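> A structural model of the following input is requested.
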Amino acid sequence: MKTIRALCAAGLVVATFGFAVAKLPAPPPMTDEQKAAAEAAKAKAAAAAEVTKQQLTASEDRTAARYFQEMKAKGKQVPAPQMGPGAPAK
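Okay, here's the model as predicted:
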């Protein structure tokens, strides 16, 4: 009984895989309007990613400054911050 279930399961997997990789027709070529819209969407996404990156950097800077300020207020000795290998120099 277990062998039959295993064979059925294997057959189902093979059939599903065959259906998933079946050759589909190529999408129709994009019109000039669609190309312009795609380019605008790409530019908008890049701008949004840049804004997000700047916000993240500012947040990290504020967090580090607050940490050093709090440690200084507590009177603890904190080593100078070190820049990572990919961090831009200020």
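
> And the lowest mean pLDDT element among the helices and strands of the protein?
helix 2-20 (a mean of 86; mean pLDDT, DSSP states H and E).

> quick one: buried residues of it?
By neighbour count on 16 or more other Cβ atoms under 10 Å, the buried set for helix 2-20 is empty. Bear in mind the C-beta positions are built from the backbone N, C-alpha and C, glycine included.

> got any ranges where the chain has weak pLDDT?
Where the chain drops to pLDDT under 70, the residues are 23-24, 84-90.

> Which helix or strand lies directly C-terminal to the least confident helix or strand of the chain?
In the C-terminal direction, the helix or strand that comes right after helix 2-20 (DSSP states H and E) is helix 32-74.

> Return the distance of that next one from the chain's centre.
Relative to its chain's centre, helix 32-74 lies at 13 Å (Cα atoms, centre = their mean, to the nearest Å).

> Likewise for stretch 62-80?
In this view, stretch 62-80 has its centroid 31 Å away from the chain centroid, taken as Cα atoms, centre = their mean.

> what's it in contact with?
For stretch 62-80, the surrounding residues in contact (Cβ atoms under 8 Å, 6 or more residues apart in numbering) are Pro81.
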